[in-house]
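K.L.:
sequence first, predicted model second:
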Amino acid sequence: MKQTKYLCAVALIIGVTGCQSSAKSGGAAGATSGGASTSASPSVSPSVPLLPPSGVLTRVAEMGHSGGFAAPNELAVPAVVAYSDGTVVLNGQKHLTLTPGALDVLISTLQQDLKGQPASEILPKGEHAIPDAASTDIGVYQPGGTYQMVHALALDTGNAAQYPAPVADAFAKLQALTSDATTPYTTTKVRYSVKCSTAAGGPEQPWPKALPQPGAGQPTTCVELHTVDGAAADAVKSACTATDTRQPQPAVVVYRTDNGPRVCRWRYALPDETS
C-alpha cells in the first residue's frame, strides 16, 4: 500500500492523471504532499535552459537496462524514454504526453538527482559485482546540452535503499510513469533489423523486392538496422516478424538474398530514430 501511494504521488507531481481520483481522498493527498519534497523545483541558474531549444525534438530522459544474462537484442528500446515535446514512450508499446510544466518538473528533478553521480557503474551498498545481473541505465539531458547516463547494477530488484537516495529517486520517478500509459504507441516509421539466419538447410523465400538487398555484413552476425517510412515500412511489416508482444507472433521467415540467408524483425521506430 505504501508503495502504491508513493507511485501515485510521483505520478501526480509530474502531471500524469492516472492517480487523480484517488488523490482526492485524505490518504492520497498526504502522499502527494510528502512526495513533493523530493520534486520541488531544484536550484538551477535561470540563464541555463533546462531543456533543448523549442522546435528541436530531443531525447531528454530515459530508463532502460543493459547487460545481464539475457542476450542483447538489436531492437531493444528503453523501458521509458521522454522527449522534449512531452512525448513519453514506454517499452516501445505505449505512450503518454506530459504537459510542458510537468515535463519541466520531471527533467529538473532528474537533473538534480543525477548531478555529480559517477560515470562508473554504481553497486548496491556493501555488494560486489552480481553475476548475470542487468544494469539499470538512467539518462537525462543536462543544462548546457550534455546528456548524462548513470548505471546502477541490479537497481530494479527491489533494493533501492541500497543505492544513493538521488539515484533511487530518479528511478522511482521514471518507473512510476510505466503504470499510467494506456494508449498504444504506433507511428508510420518502422525500425527493422536484418541478420544471418541460424536455420541451416531450411526452406527459403526470395528477398522482398520492395526492400534493398542486405549487405555482406560481418561473418558471424550480419546485423543491419534501418528506419523506413511509407511504402517501405508497409513492406517491412508484411515481410518481417513483429517484435510487438501485443500482436500474435508469426513464424520467422528465412529469405534468400544476394549475400546468403537472412531473417528480419521490426518494431515501431522511436521519435528520434531516423536512419
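P.N.:
Looks like it came in fine. Numbering: from 1, shown residues only.
K.L.:
which parts of whichever strand or helix holds Ser108 are buried?
P.N.:
Assessed by DSSP states H and E, Ser108 sits inside helix 100-114. By neighbour count on 16 or more other C-beta atoms under 10 Å, the buried set for helix 100-114 is 102-114. Every residue, glycine included, has its C-beta placed from N, CA and C.
K.L.:
next SSE after that helix?
P.N.:
strand 135-141.
K.L.:
can you give the distance of that following strand from its chain's centre?
P.N.:
Strand 135-141 sits 9 Å away from the centroid of its parent chain (C-alpha atoms, centre = their mean, to the nearest Å).
K.L.:
ranges for the helices of the protein?
P.N.:
Counting by DSSP state H, the chain has helices at residues 2-13, 20-23, 26-35, 100-114, 165-177, 230-239.
K.L.:
ok, so of the buried residues of helix 100-114, who is nearest Gln142?
P.N.:
Gln111 (5.7 Å; C-beta to C-beta).
K.L.:
surely the closest one is in contact with Pro143?
P.N.:
Yes. Counting by C-beta atoms under 8 Å, Gln111 touches Pro143, with 6.7 Å between them.
K.L.:
apart from its chain neighbours, what residue comes closest to Lys195?
P.N.:
Closest residue in space to Lys195, ignoring its immediate chain neighbours: Val223 at 4.5 Å, by C-beta to C-beta, 6 or more residues apart in numbering.
K.L.:
isn't Ala170 up against Leu110?
P.N.:
Yes. Between Ala170 and Leu110 there is a contact under C-beta under 8 Å: 5.2 Å.
K.L.:
below-threshold pLDDT in this protein: ranges please.
P.N.:
Applying pLDDT under 70 to the chain flags the ranges 1-49, 70-72, 127-131, 199-201, 217-221, 245-250.
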